[in-house]
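Undergrad: pasting a predicted model and its sequence here:
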Amino acid sequence: MKLNVLIVVILLMAGCQNKKKFVEVIDESSQLVINDSQVKNDIELEVYDFEGFKTFLNKKDNTVYVINFWATWCAPCVKELPYFETLDKAYRDQDVKVILVSLDFPHLYDKKLKPFIEKNKLTSKVIALDDVDMNHWIPQVDKNWSGSIPATIIYKNDNRKFYEDSFTYEELEVELKHFLN
Amino acid sequence: MKNTLKLIAAGLIVLVLSSFTMFDGYKIGDVAEDFSLKNIDGKMVSMAHFKDAKGFIITFTCNTCPYAVMYEDRINALNKKYAPLGYPVIAIMPNNIVIKPGDALPEMKKRAQEKGFTFPYLIDENQDVFPKYGATKTPHMFVLEKTDKGNVVRYIGAIDDNYKDASAVTTKYVENAVDALLEGHEVPEKETKAIGCTIKV
């Protein structure tokens, strides 16, 4: 009964488009059921297997793509995420596009990933890659990738570079500039 | 003078090459150096202590990485199956515990008790063992075969091809490697890749 009231309250809040408050309610209540059903309606997460994801690695439209592999459970990834966000904002008008590829576990998309995206107001494109046959797809991203994250690819048409490393904003910007002009 | 320069140049090349090999870690066919690392019971453990072993299943793993946690039961099962056949599991926790306090020795001990680990769970306190192996993440597996030359690296990579669901696994890389070695065959798939948590230095 209490739960129903809570759901109604949250629905009302969501209806008022009071997104910030909405997230806080979820965090405090830690009512996972409510959390699930609510966030699902709020964020549409694109989920790909590797076959579907591959197109993001092979676009030839003169845009510089900065593709970062991360997960909410990966502390060094979360630490460098703001740099990618800043980069995306700063270079958006110079044909640069940041794509954040989450490797979070699918059963935690609703409980962890979507609330994380919302709480941190991520503005870069976030997609999820869900493909268990890692040995099949990791070498296709880059033959030297051992599989540790964070990992990043920067590419423009046929010119690409892979980094199995963490970045500071300055380092990231320096790498990006190799691909500009 | 010229000769001295040549010597210096040659020396430099050797230095550069050797630093590269150190960075990359062991390749298939390399002999792995033994280690002496502290177990959760406080005793030091080396491969040399396992007199009857035919080889080892070395796993770099930890408490705090969700991928490592998902594989805990499967690592335990590997030891139960292969220790009696001469291939015991030795787990090594490589993380810097200042960055990951959840991986400190008391925490390791607690986790091992909770999960009923039947294998040694060692800490790479000086963080000088995992770089020799070239381990970059947890979990990261190495299957070694004991030979006259020493413990030869025969397999590097993942445990199997489905981290999510043990029952949906189609290829058990580590089991296939150990089975092949036990039968005196070549390991069918010597290196595989998987996502894991970066080792914290």
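TA: It's in. Residues are numbered from 1 along each chain as shown, chains lettered A, B, ... in the order given.
Undergrad: let me see the domain layout of chain A.
TA: In the domain annotation for chain A, the residue ranges read A:2-42, A:46-177 (automatic domain parsing).
Undergrad: closest one to chain B among these?
TA: Closest approach to chain B among the domains of chain A (CB to the nearest CB): domain A:46-177, 3.8 Å. Every C-beta, even on glycine, is put in place using the N, C-alpha and C of the backbone.
Undergrad: if we can go back for a sec, out of the domains of chain A, deepest packed?
TA: Counting by mean count of other CB atoms under 10 Å in any protein chain shown, domain A:46-177 has the highest mean neighbour count of these, with a mean of 17.
Undergrad: quote the end-to-end distance of that domain.
TA: Domain A:46-177 has an end-to-end distance of 29 Å (criterion: CA to CA, to the nearest Å).
Undergrad: hmm, stretch B:103-116 touching chain A?
TA: No: remark: stretch B:103-116 sits outside contact range of chain A, by CB under 8 Å from any CB of the partner chain, the gap being at least 12.2 Å.
Undergrad: what does that stretch rub up against?
TA: By CB atoms under 8 Å, 6 or more residues apart in numbering or on different chains, the residues outside stretch B:103-116 that reach it are B:38, B:40-41, B:62-64, B:72-73, B:76, B:93, B:95, B:97, B:101, B:117, B:121, B:123.
Undergrad: on that earlier part again, got the domains of chain A as a markdown table, with distance to chain B columns?
TA: Listed next are the domains of chain A as a markdown table, based on distance: least, CB to the nearest CB, whole Å:
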| stretch | distance to chain B |
| --- | --- |
| domain A:2-42 | 17 |
| domain A:46-177 | 4 |
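Undergrad: and the ones you listed as JSON lines, adding mean pLDDT?
TA: Formatted as JSON lines, the entries for these read as follows, by pLDDT from 0 to 100:
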{"stretch": "domain A:2-42", "mean pLDDT": "40"}
{"stretch": "domain A:46-177", "mean pLDDT": "96"}
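Undergrad: what's the closest of the contacts of stretch B:103-116 to chain A?
TA: Nearest to chain A among the contacts of stretch B:103-116, counting by CB to the nearest CB, is residue B:64 at 9.0 Å.
Undergrad: number of residues surrounding the nearest residue to the closest one once chain neighbours are set aside?
TA: Leaving aside its chain neighbours, residue B:64 sits nearest to residue B:102 (4.4 Å; criterion: CB to CB, 6 or more residues apart in numbering or on different chains). Applying the criterion other CB atoms under 10 Å in any protein chain shown, we find 15 residues in the vicinity of residue B:102.
Undergrad: need the contact list for residue 45.
TA: Let's take chain A. With contacts defined as CB under 8 Å, 6+ apart, residue A:45 is in contact with A:109, A:113, A:114, A:117, A:126, A:127, A:128.
Undergrad: right idea, wrong chain: chain B
TA: Contact criterion CB under 8 Å, 6+ apart gives B:36, B:37, B:38, B:39, B:90, B:120, B:122 as the residues in contact with residue B:45.
Undergrad: inside strands: which ones of those?
TA: B:37, B:38, B:39, B:90, B:122 (DSSP state E).
Undergrad: and the residues you listed, which two are furthest apart?
TA: Farthest-apart pair in the ones in strands among the contacts of residue B:45 is B:38 and B:90; separation 12.6 Å (CB to CB).
Undergrad: more crowded one of the two?
TA: Neighbours were tallied for residue B:38 and for residue B:90 using other CB under 10 Å; the higher tally belongs to residue B:90 (24 against 16).
Undergrad: can you name the residues bridging to the more buried one?
TA: The residues listed as beta-bridge partners of residue B:90 by DSSP bridges are residue B:58.
Undergrad: you'd agree it is up against residue B:124?
TA: No: between residue B:90 and residue B:124 no contact is recorded; they are 11.5 Å apart, counting by CB atoms under 8 Å.
Undergrad: contact partners for residue B:138?
TA: Contact analysis of residue B:138 by CB under 8 Å, 6+ apart lists B:60, B:61, B:62, B:65, B:67, B:68, B:94, B:95, B:196, B:197, B:199.
Undergrad: so which bits of chain B are right by chain A?
TA: Those residues of chain B that sit near chain A, judged by CB under 8 Å from any CB, are B:65-66, B:136-137, B:157-158, B:161-165, B:168, B:173, B:192-200.
Undergrad: next step: those residues restricted to helices.
TA: Judged by DSSP state H, the subset of these located in helices is B:66, B:173.
Undergrad: weed out the non-buried ones from the residues of chain B next to chain A.
TA: The neighbour-count criterion (16 or more other CB atoms under 10 Å in any protein chain shown) marks B:65-66, B:136-137, B:157-158, B:161-163, B:173, B:192-200 among the residues of chain B next to chain A as buried.
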